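*Asks:* model the structure of this input:
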Amino acid sequence: MTDSSLRQDPVMHGAYEISSDPARIDAARVHHWISTDSYWARGRPREKQDRAIAGSLNLGAYHRETGEMSAYARVVTDYATFAWLCDVYVDPPARGTGLGTALVTAVRDLLEPHGLSRIMLATADAHGVYEKVGFAPLRNPDKWMALGRQ
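*Replies:* Have a look, this model is predicted:
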């Protein structure tokens, strides 16, 4: 699989451009968002966030006039059977614009050609965003198990 097969043409959404170009990711900004304003990874060290970025497919949304990163999503995947969508964050000034839904749609569309069996995620408060893109609660949650923090 080539790097080009993991990229998509930028997706436009209002004043924003969504891109999977890893060179555009503002790792310092992502770390600030995730480590200070997320409920799931508050306090995450920068080195750990940088390793997570390096080992993942990353998408960013950028304001078309300023180039400033306004949203982020990370995907852990084997590109064959499974993906885990995580660290989805929209900067507060960009919230309410549909950017989160557009970003998750871009993730879904980028992964679709790979024929994955399943894309998973966990959320405490954004079910409506993900449902718009086709995500649904697990049909049989009793089949799933986890090792580590829950």
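*Asks:* so how far is G96 from E68?
*Replies:* 17 Å (Cβ to Cβ, to the nearest Å). All C-beta spots, glycine's among them, are computed from the backbone N, C-alpha and C.
*Asks:* between the two, which has more neighbouring residues?
*Replies:* E68 (15 against 9; other Cβ atoms under 10 Å).
*Asks:* so how far is R74 from the more buried one?
*Replies:* For E68 relative to R74 (Cβ to Cβ), the value is 19 Å.
*Asks:* what comes up buried for the helix or strand of the chain with the lowest mean pLDDT?
*Replies:* Lowest mean confidence among the helices and strands of the chain (mean pLDDT, DSSP states H and E): strand 11-13, at a mean of 88. Within strand 11-13, the residues that qualify as buried by neighbour count (16 or more other Cβ atoms under 10 Å) are 11, 13.
*Asks:* repeat that for stretch 123-138.
*Replies:* Counting neighbours by 16+ other Cβ under 10 Å, stretch 123-138 gives 129-130, 133, 135 as buried.
*Asks:* so where's this protein shaky on pLDDT?
*Replies:* 1-8 (pLDDT under 70).
*Asks:* got phi/psi on the most centrally placed residue in the chain?
*Replies:* In the chain, the centroid-proximal residue (Cα atoms, centre = their mean) is A73; its distance is 1.9 Å. Per-residue torsions, A73: phi -150, psi 140 (degrees, to the nearest 10).
*Asks:* gap between it and D87?
*Replies:* Using Cβ to Cβ, we find A73 at a distance of 7 Å from D87.
*Asks:* do the same with I34
*Replies:* From I34 to D87 the distance is 6 Å (Cβ to Cβ).
*Asks:* which of those two has more residues huddled nearby?
*Replies:* The residue with more neighbours, out of I34 and D87, is I34; 24 against 21, by other Cβ under 10 Å.
*Asks:* tell me the SS of the more buried one?
*Replies:* On the three-state scheme (DSSP: H, G, I helix; E, B strand; the rest coil), I34 is labelled helix.
*Asks:* same check on I18?
*Replies:* strand.
*Asks:* R29 contacts M69, correct?
*Replies:* Yes: using Cβ atoms under 8 Å, R29 makes contact with M69 at a distance of 5.3 Å.
*Asks:* neighbour count: these two, which is higher?
*Replies:* Each of R29 and M69 has its neighbours counted (other Cβ under 10 Å); M69 has more, 22 against 16.
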